[in-house]
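**Student:** what follows is a predicted protein model with its sequence.
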Amino acid sequence: MTEKKPLGLAIVGCGYVADFYMATLTNYPALHIVGVYDKDPDRLKVFCEYFSLTSFASMEDLLKDEKVSIVLNLTNPRSHYKITRQCLDANKHVYSEKPLAMTYEKAKDLVEHAKAKGLKLSSAPCSVLSKAAKTLSYAVREKMAGEIKLVYAELDDGLVHKMPYKRWISESGAPWPYRDEFEVGCTLEHAGYFLGWLIEIFGSVKSVTAFSDCVVPEKVGPEPPLNPPDTADISFGLLKFESGVVVRLSTTIVAPHDHSIRLIGDKGVLYLNECWNNNDPVYFRRLVQIRRKTFLSPIKKKVKLPYPAQTNKYGRSNTKMDFLLGVQDLVEAVETGTDGQLHADFSLHVNEVALALQYAGVEGKTYFTKSRI
């Protein structure tokens, strides 16, 4: 019997985030990277030498290479649509970093184009595939806390403007692209981490009522102004799911670190403290009634997942997230001809809700979603 060859992968963009994808590559011997391209030749050379990878001389060379079946689009967010469209045009399946696109219309165009060509398309973040997310989902399905009525989710990433972020570099030496991060906005960059979990557990979001603002416009100090100068660095949203659940989601880069989530049911509360840790434990505290008062038990119970979940070592990276879980999900979808968990409609819905939160503005807005999973 002829051994099946692994699907060839190519990376476009080898900046700061690309190192996180490389951090767990040794855990995926079936993933074969054919080559890498970046518009910055110096950065491309350093990245390929550091990780012992082959470089492409141009984007055209990458797209013409028949050994490449899947492209990882790790460029900056404002390039995602253009690069992904090019790859789909060249009949390549695509896994894109978040967001899928900067507008709903462009994200929808990519999804429709991929479907028309019979191609797979998915997008980060992939933490919904983590053990932590699966454990939380299992606990909800088993109704450990009863019917979930309300969720509080926090994605406060610390007071970034007070940190030495201009000195942050990746393992292979790429600087953190702080200007791009600030100009794109923390909600588009981060809200998807919890949105993926919530949409997987509770289904489609029906409406988003949100507020967003830029409260620290002077983040880059005396440097030239950001473009645009007032991208929201905070957003607060109330999500109404078609299933009836209501979620309060906060996303900021100007508040103390808090990546916790609490699911409040009629029998108790499920919670975890760090959504950026793929293996963070999930706990349950039941409701206790004594006389006329009801309160949460001080005793917490750790929820155990009854089936195995992939838990990889994180290599030399300083993150506890496995960025290749999503790539593996796409590879399996291509090989089996099925939809992966991060399928195109799922990725589009996550993108749409994140956009609604990001651009709600200071007057606030209620947005009714168009996509469904």
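**Tutor:** Here it is on my side, so go on. Numbering: from 1, shown residues only.

**Student:** correct me, but residue 78 touches residue 102?
**Tutor:** Yes. Assessed by C-beta atoms under 8 Å, residue 78 is found in contact with residue 102 at 6.0 Å. (Each C-beta comes from the backbone N, C-alpha and C, glycine too.)

**Student:** so what sits against both of these two?
**Tutor:** Counting by C-beta atoms under 8 Å, 6 or more residues apart in numbering, the shared contacts of residue 78 and residue 102 are residue 184.

**Student:** neighbour count for these two, which is higher?
**Tutor:** residue 102 (19 against 13; other C-beta atoms under 10 Å).

**Student:** just to check, the more buried one is in contact with residue 81?
**Tutor:** Yes. Here residue 102 reaches residue 81: they are 6.8 Å apart, a contact under C-beta under 8 Å.

**Student:** now do the same contact list for residue 313.
**Tutor:** Residue 313 sits next to 24, 27 when contact means C-beta under 8 Å, 6+ apart.

**Student:** contacts only, for the residue in the chain sticking out farthest from the centre.
**Tutor:** Going by C-alpha atoms, centre = their mean, the residue of the chain most distant from its centre is residue 291, 45.0 Å out. Residue 291 makes no contacts at all, as judged by C-beta under 8 Å, 6+ apart.

**Student:** same question, residue 239
**Tutor:** So residue 239 contacts 198, 205, 207, 208, 246, 247, 248, 249, 353 (C-beta under 8 Å, 6+ apart).

**Student:** okay but the first one is in contact with residue 152, surely?
**Tutor:** No. When contacts are counted by C-beta under 8 Å, residue 198 is not listed as touching residue 152 (11.4 Å).

**Student:** shared neighbours of those two, anything?
**Tutor:** Shared contacts of residue 198 and residue 152 (C-beta under 8 Å, 6+ apart): residue 247.

**Student:** higher neighbour count, these two?
**Tutor:** residue 198 (24 against 15).

**Student:** and that one, that's in a helix?
**Tutor:** Yes. Counting by DSSP: H, G, I helix; E, B strand; the rest coil, residue 198 is found in a helix.

**Student:** name the nearest residue to it, ignoring sequence neighbours.
**Tutor:** Leaving aside its sequence neighbours, residue 198 sits nearest to residue 247 (C-beta to C-beta, 6 or more residues apart in numbering; 5.8 Å).

**Student:** ok, the one you found to residue 359 distance?
**Tutor:** 19 Å (C-beta to C-beta, to the nearest Å).

**Student:** and those two? Which one has more around it.
**Tutor:** Remark: of residue 247 and residue 359, residue 247 carries more neighbours, 22 against 18, as counted by other C-beta under 10 Å.
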